[in-house]
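A.B. asks: Return a 3D structure for these sequence lines:
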Amino acid sequence: MQRYQAFLERIGLPVDLQIEKTYDFLKEIQYRAVLTIPYENLDILRGIPLSLDADALFEKIVEKKRGGYCFEVNALLSHMLKEMGFSVLSYFARYVRGEETVPMRRHRILAVECEDGLYMCDIGVGQIAPRYPVKMEEGLVQEQFGEMYRFEKDADAGWVLFDDTKGEWVPYITFTEEKQYEVDFIQPSFYCEKHPDSVFNKTYMLAIKTPTGRKTVDGNTYKEFTGTELTHIEENLPQDQLSEIVKREFLLDI
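C.D. replies: Reported below is the predicted structural model:
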């Protein structure tokens, strides 16, 4: 079995799936990935150094059935898509949703070439985010799961992905198209792991998409969402109950 076939099995697809460089094929890959690979920061909290090496990511996420955050899961997705024959570029991005000032570039996204154009792929966001790839075409309104997305270009920010929030187009992610190499992502990932100002090394941050919404753990609070609506919440969970929820809902052991 080739490595990409093991990845297909990890996300619940047949190992002999016919590879097609089409949007429909890429859509199925991203959708299955966000339903099966959790966003999680458990190794950061444990003080276990993260490795962005392709073999290490494959072992952690595919073989050990773990998750990770954007620098890990999007790197793995890049490697697997390349093994399938796709042309893939990785870019630094700024996560700007909810920010009042310009944040640092501490997010990784993929630009994947399909037969009908270039698509942004991202399986490394725990909050509301596209479950399907988003075509990199200015002004094209793209709806998925009741959510609306649209790309525009900005002279300084580059590509700006907006999402429709209560009838208002709000900037969500921005990125420019300087070519990045795998080594370039080590430094910002280390910042996220170790810097005292990082949000990733403070408390539990877990999330996984569902066909109708998402499930999250923030600290000792567990939430379930249908669309944007909070449908279930359990707060102030003791460690044993939190561990049980994480095992049951995210298939992880904390």
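A.B. asks: drop to CA atoms for contacts and neighbour counts, all remaining ones
C.D. replies: Fine.
A.B. asks: leaving aside the residues next to it on the chain, what's closest to residue 16?
C.D. replies: Using Cα to Cα, 6 or more residues apart in numbering and skipping the chain neighbours, the partner closest in space to residue 16 is residue 5 (7.2 Å).
A.B. asks: Check that neighbour and give its pLDDT.
C.D. replies: Turning to residue 5, the model gives it a pLDDT of 98.
A.B. asks: Can you show me the CA trace of the helix or strand containing it as CSV?
C.D. replies: Secondary structure here is read from DSSP states H and E; on that basis residue 5 sits in helix 3-10. C-alpha atoms of helix 3-10 as CSV (Å, rounded to 0.1, in the frame of the first residue of the first chain):
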residue,chain,number,x,y,z
ARG,A,3,1.3,6.2,1.7
TYR,A,4,-1.5,8.2,0.0
GLN,A,5,-3.6,5.0,0.1
ALA,A,6,-3.2,4.7,3.8
PHE,A,7,-4.2,8.4,4.0
LEU,A,8,-7.3,7.7,2.0
GLU,A,9,-8.1,4.8,4.4
ARG,A,10,-7.5,7.2,7.4
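A.B. asks: moving C-terminal of it, what's the next helix or strand?
C.D. replies: Assigned by DSSP H and E, the successor of helix 3-10 is helix 23-36.
A.B. asks: Give me the contact list for that next one.
C.D. replies: 8, 10-13, 19, 114-116, 121-123, 131-133, 208-211 (Cα atoms under 8 Å, 6 or more residues apart in numbering).
A.B. asks: Can you select the buried ones from these in PyMOL?
C.D. replies: Buried residues within the contacts of helix 23-36, by 16 or more other Cα atoms under 10 Å, are selected in PyMOL with:
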select buried, resi 8+10+11+13+114+121+122+123+131+132+133+208+209+210
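A.B. asks: what's the distance between the residue nearest the centre of the chain and residue 97?
C.D. replies: Residue closest to the average C-alpha location in the chain (Cα atoms, centre = their mean): residue 124, at 1.4 Å. Separation of residue 124 from residue 97 (Cα to Cα, to the nearest Å): 15 Å.
A.B. asks: Residue 167 now?
C.D. replies: In terms of Cα to Cα, residue 167 sits 15 Å off from residue 97.
A.B. asks: The two: who's more crowded?
C.D. replies: Using other Cα atoms under 10 Å, the more surrounded residue of residue 167 and residue 97 is residue 97, with 14 against 8.
A.B. asks: can you give me the helices in this protein?
C.D. replies: In the chain, the segments counted as helices under DSSP state H are 3-10, 23-36, 42-46, 54-57, 70-83, 186-194, 239-250.
A.B. asks: Counting by contacts, list what the first one packs against.
C.D. replies: What that stands for is helix 3-10. Helix 3-10 is packed against helix 70-83, with contacts defined by 3 or more Cα pairs under 8 Å, 6 or more residues apart in numbering; DSSP states H and E.
A.B. asks: Who's the closest spatial neighbour of residue 222, skipping the chain neighbours?
C.D. replies: In space, residue 222 is closest to residue 234, 5.2 Å off (Cα to Cα, 6+ apart).
A.B. asks: Next one: the one you found, what pLDDT does it get?
C.D. replies: Reading off the model, residue 234 has pLDDT 97.
A.B. asks: Now do the contacts for it.
C.D. replies: With Cα under 8 Å, 6+ apart, residue 234 has these contacts: 221-223.
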